[in-house]
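K.L.:
Predicted structure and sequence below. I'll ask about it afterward.
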Amino acid sequence: MSLIRVALAGVVAAAAVALGQTGPQAPARPDHMEHRFDNPEASAQAFDDPARDAWQLPDRVTAALGLKPGQTVADIGAGTGYFSVRLARSAAAPKVFAADIEPAMVKYVQDRAAREGLKNIVAVLAAADTPNLPEPVDVALIVDTYHHIGGREAYFRTLVKSLKPGGRVAIVDFRPDSPEGPPKEFRFSPEQFASEMAQAGYKLAAQYDFLPRQNFLIFEPAR
Ligand SMILES: C[S@@+](CC[C@H](N)C(=O)[O-])C[C@H]1O[C@@H](n2cnc3c(N)ncnc32)[C@H](O)[C@@H]1O
């Protein structure tokens, strides 16, 4: 191969990388962050740190969901139940499905709900591609978990079947400029969330800017 052809090949390869194209030998870029949460007691130290309330503003998030008595909500990726217990205790006292993919987390939330006398929490073992909700819900809340979900277009297309008529999906996840959160490649702008959710058949219903570290967007089915 002549020098010019080698140089040209380099330019073409560089352009492909710049365009985000991947060659046969380039490793596929993961669409989600793989991380096990199999030690609930250790996770609880961060998730349930009282200092979190100052930036998580759980009461404002809960109020923005506008839940009414008799409604149901899924806390998808519930973890140790930080939001589940607050939702369960909120004025609307909704039934809360606390869904998590980690069996240890599911048991932790189940025990926590029993300990705290919250009979309106039902712990659910989710699968990677579906939260396994036993019945449709009015709101699916997903806090700091969106970036852990793989194959999101298919996931959210499936999730729409678990929403009641008028049901919504509320996503709270770390902003690119947050002082803490997942690696930068797993933090998204509001436009990225909206674009991905549009591909899965949703439209933006509300966007809140009061959380200092996270985006907070609410989607509804576009149909
Ligand atoms: C960073 S923690 C957030 C916990 C909780 N939402 C909070 O704000 O404290 C993410 C949780 O999502 C769970 N998770 C990850 N992928 C999931 C999936 N596909 N479906 C349900 N839960 C998932 C993890 O096991 C973990 O408990």
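P.N.:
Structure received.

K.L.:
tell me which parts of this structure are close to the ligand?
P.N.:
Selection of the chain residues close to the ligand by CB under 6 Å from any ligand atom yields 37, 47, 76-79, 82-83, 99-102, 105, 126, 128, 131, 143-145, 148-149. Every C-beta, even on glycine, is put in place using the N, C-alpha and C of the backbone.

K.L.:
Now restrict these to buried residues only.
P.N.:
37, 47, 76-79, 82-83, 99-102, 105, 126, 131, 143-145, 148-149 (16 or more other CB atoms under 10 Å).

K.L.:
Looking at the residues you listed, which are in helices?
P.N.:
Members of those lying in helices (criterion: DSSP state H): 47, 82-83, 105.

K.L.:
among these, which two are most distant?
P.N.:
Phe83 and Met105 (12.9 Å; CB to CB).

K.L.:
Beyond the lengthiest strand in the chain, next helix or strand please.
P.N.:
Looking across the chain with DSSP state E, the single longest strand is strand 163-174. Next along the chain after strand 163-174, taking DSSP states H and E as the criterion, comes helix 190-199.

K.L.:
and the helix or strand that that next one is followed by, which strands flank it?
P.N.:
Scanning forward in sequence from helix 190-199 by DSSP H and E, the next helix or strand is strand 202-208. Sheet pairing of strand 202-208 (DSSP bridges) gives strand 214-221 (antiparallel).

K.L.:
How far away from the center of its chain is the strand it pairs with?
P.N.:
10 Å (CA atoms, centre = their mean, to the nearest Å).

K.L.:
angle of that strand against helix 190-199?
P.N.:
20 degrees (axes from the mean of the first three to the mean of the last three CA atoms, to 10 degrees).
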